[in-house]
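Participant: Just need the structure, nothing else, for what follows:
(one chain, ligands or ions: 1)
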Amino acid sequence: MDQVFINGLSVDAVIGVYDWERIAPQRLIIDLDMGWDMARAAAEDDITATLDYAAISQRIAGFAAASSCALVETFADRLASAIICEFGVPWLRLRVTKPGAVPEALGGVGVLIERGARLS
Ligand SMILES: Nc1nc2c(c(=O)[nH]1)N=C([C@H](O)[C@@H](O)CO)CN2
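Facilitator: Coordinates of the predicted model:
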């Protein structure tokens, strides 16, 4: 299956289970792989026949700015649902990294989810 991806998208969101985390937004890093049959877009050289990674990146930033989840699990699940519904994505893999949460974890901590069905 072809994929359109967004890697290392930095967004800000109010997120966290502790009181001090409810005060100010924190940085999240989004990695997103989206299944898509890009045959028609490639043949017709047509942006409207594919997933516009710029438009989806904007939507993710807007989603983050408006969100206030406690858990990264909740953030990831709701964001995945929004992308699937609004952009018609059949399958996606979404990693949400919270870079500052565990300072000793130099690569960050977070969640990785898959939603939808992979096309063959
Ligand atoms: N599986 C999770 N574990 C933790 C989360 C989370 O969202 N999912 N959140 C926290 C705190 O908010 C943490 O990020 C503060 O440093 C702890 N564990």
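
Participant: which residues in the chain form helices?
Facilitator: All helices of the chain, identified by DSSP state H, fall at 39-44, 53-66, 72-87.

Participant: will you turn those into TSV that also has mean pLDDT?
Facilitator: Listed next are the helices of the chain as TSV, based on pLDDT from 0 to 100:
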stretch	mean pLDDT
helix 39-44	98
helix 53-66	98
helix 72-87	98
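
Participant: could the ones you listed go into JSON lines alongside distance to the ligand and mean neighbour count?
Facilitator: C-beta: built from backbone N, CA, C; applies to glycine. Listed next are the helices of the chain as JSON lines, based on distance: least, CB to the nearest ligand atom, whole Å; neighbours: other CB atoms under 10 Å:
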{"stretch": "helix 39-44", "distance to the ligand": "36", "mean neighbour count": "12"}
{"stretch": "helix 53-66", "distance to the ligand": "14", "mean neighbour count": "15"}
{"stretch": "helix 72-87", "distance to the ligand": "4", "mean neighbour count": "17"}
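
Participant: which one of those helices lies closest to Ala13?
Facilitator: Closest to Ala13 of the helices of the chain, according to CB to CB: helix 53-66, at 4.0 Å.

Participant: before we move on, the earlier item: compare the helices of the chain and report which one is nearest to Val11.
Facilitator: Closest approach to Val11 among the helices of the chain is made by helix 53-66 (3.8 Å; CB to CB).

Participant: Show which residues not belonging to the closest one make contact with it.
Facilitator: 4-6, 9, 11-13, 25, 28, 30, 32, 34, 75, 78-79, 82-83, 86-87 (CB atoms under 8 Å, 6 or more residues apart in numbering).

Participant: please redo it, this time with the cut-off set to 7 Å
Facilitator: 4, 6, 9, 11-13, 28, 30, 79, 82-83, 86-87 (CB atoms under 7 Å, 6 or more residues apart in numbering).
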